[in-house]
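Novice: Structure of the sequence below:
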Amino acid sequence: MVKSVVKRSGETEPFIREKICVSCLKAGAPVDLARKIATDIEAEPTESLESLTIRLRVLERLAKEKADYKDHWEMYDRAVKHRT
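Specialist: Numbering: from 1, shown residues only. The predicted model follows:
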């Protein structure tokens with residue numbers, strides 16, 4: 001079970017499943033899908049995950065459900081977080 005996240009900066013913080021849920025909701029995903037994605041990632045058999053790995057797994061799941069969800073997430077990343 002994932003207990004911590006290794007951020008881009010190298011810092012480690014506790015895994016907070018609500019962060020994944022909120023991000024999925026902002027991308028337009030329904031609540032039940034957001035919770036399922038967060039639960040599935042939290043259940044992975046590892047102590048920690050890199051934030052980039054989490055991001056890629058979430059995007060993969062969103063795209064599988066509906067391409068618009070992934071597109072909305074990426075637009076938010078570019079506009080607000082200045083990521084590519």
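Novice: what about the helix or strand where Ile37 lies, average pLDDT?
Specialist: Using DSSP states H and E, Ile37 falls within helix 31-42. For helix 31-42, mean pLDDT rounds to 97.
Novice: Now tell me what touches it from outside.
Specialist: Residues outside helix 31-42 that contact it (C-beta atoms under 8 Å, 6 or more residues apart in numbering): 1-2, 15, 17-18, 20-22, 24-25, 29, 49, 54, 57-58, 61-62, 65. C-beta coordinates here come from the backbone N, C-alpha and C atoms, glycine included.
Novice: which ones among those are found in helices?
Specialist: 17-18, 20-22, 24-25, 54, 57-58, 61-62, 65 (DSSP state H).
Novice: picking that back up, restricted to buried residues, select the contacts of helix 31-42 in ChimeraX.
Specialist: Applying 16 or more other C-beta atoms under 10 Å to the contacts of helix 31-42 leaves a buried subset, and the ChimeraX line that selects it is:
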select :2,15,20,21,24,29,49,54,57,58,61,62
